[in-house]
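Asker: all I have is the shape, not the residue letters:
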């Protein structure tokens, strides 16, 4: 005798990974709920009951990226004997990760909501908050570099961090446009030339 009324279950992490990849590839506004449900292998009703609305799912997908595939960036900058070496690692890893063939090109965090309409400003604020977690690691390395006399005490750390953020953002856009890994590696090496002398 078969059991009736048994609720079908799904692998939440697998479904979230599928949603993340679709958002990463298509963007927030260009991705419909029906497309998400199909990619996740669940019904639309299950999407809403398990993840909330589209905005909530997007934020969870971005967080999933930052703590999953995107975590390699945090690891890269934390490694290295010096802060400059850490940023060199970051740029090298970025050039490699952003041009992989087994995932959408570019960084999901860099590409998150860059062209969304003003009605999603609150969503953008949340994405910025998630991005700030990673950039806090950058600032920790930069402040350590000042304490260790690797950087002059007069260095504007906020501007230096913003420069590298802008560099990574540009690399991400170039990767999405089809730029090669070698080109991104060269951009990363060029960016390091602005590193202030101690």
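Answerer: Structure's in. What do you need? All figures in this text were calculated on a predicted structure; none of them were measured in a lab.
Asker: so what does the least confident helix or strand in the chain by mean pLDDT touch, helix or strand wise?
Answerer: Every helix and strand in the chain was compared by mean pLDDT, DSSP states H and E; the lowest is helix 108-111, with a mean of 85. Helix 108-111 sits against helix 12-26, helix 54-67, helix 121-147, helix 157-176, with contacts defined as 3 or more Cβ pairs under 8 Å, 6 or more residues apart in numbering; DSSP states H and E. The way it works is simple: take the backbone N, C-alpha and C, and place the C-beta from them, glycine included.
Asker: residue 106 is in contact with residue 25, correct?
Answerer: No - Residue 25 lies out of contact with residue 106 (Cβ atoms under 8 Å); the separation is 9.8 Å.
Asker: these two: who's more crowded?
Answerer: Counted by other Cβ atoms under 10 Å, residue 25 and residue 106 do not tie: residue 106 has more neighbours, with 24 against 17.
Asker: I'd like the distance between residue 93 and residue 79.
Answerer: Look at residue 93 and residue 79: by Cβ to Cβ, to the nearest Å, they are 10 Å apart.
Asker: ugh, wrong one, I meant residue 94
Answerer: Noted for residue 94: a distance of 14 Å to residue 79, by Cβ to Cβ.
Asker: of these two, which one has the most company?
Answerer: residue 94 (26 against 12).
Asker: need the contact list for that one.
Answerer: Residues counted as contacts of residue 94 (Cβ atoms under 8 Å, 6 or more residues apart in numbering) are 73, 76, 107, 168, 171-172, 184, 188.
Asker: remind me which residues of the protein are low pLDDT?
Answerer: 1-8, 113-116 (pLDDT under 70).
Asker: find the residue at the geometric middle of it.
Answerer: Central residue of the chain (Cα atoms, centre = their mean): residue 109, 2.8 Å from the mean position.
Asker: surely that residue and residue 135 touch.
Answerer: No - applying Cβ under 8 Å as the test, residue 109 and residue 135 come out as separate, 9.9 Å apart.
Asker: count of residues packed around residue 14?
Answerer: 11.
Asker: what about it, distance to residue 110?
Answerer: Per Cβ to Cβ, residue 14 is found 25 Å from residue 110.
Asker: what does residue 21 give?
Answerer: Shown here: residue 21 relative to residue 110, a distance of 16 Å by Cβ to Cβ.
Asker: those two - which one has more neighbours?
Answerer: Using other Cβ under 10 Å, the more surrounded residue of residue 21 and residue 110 is residue 110, with 21 against 17.
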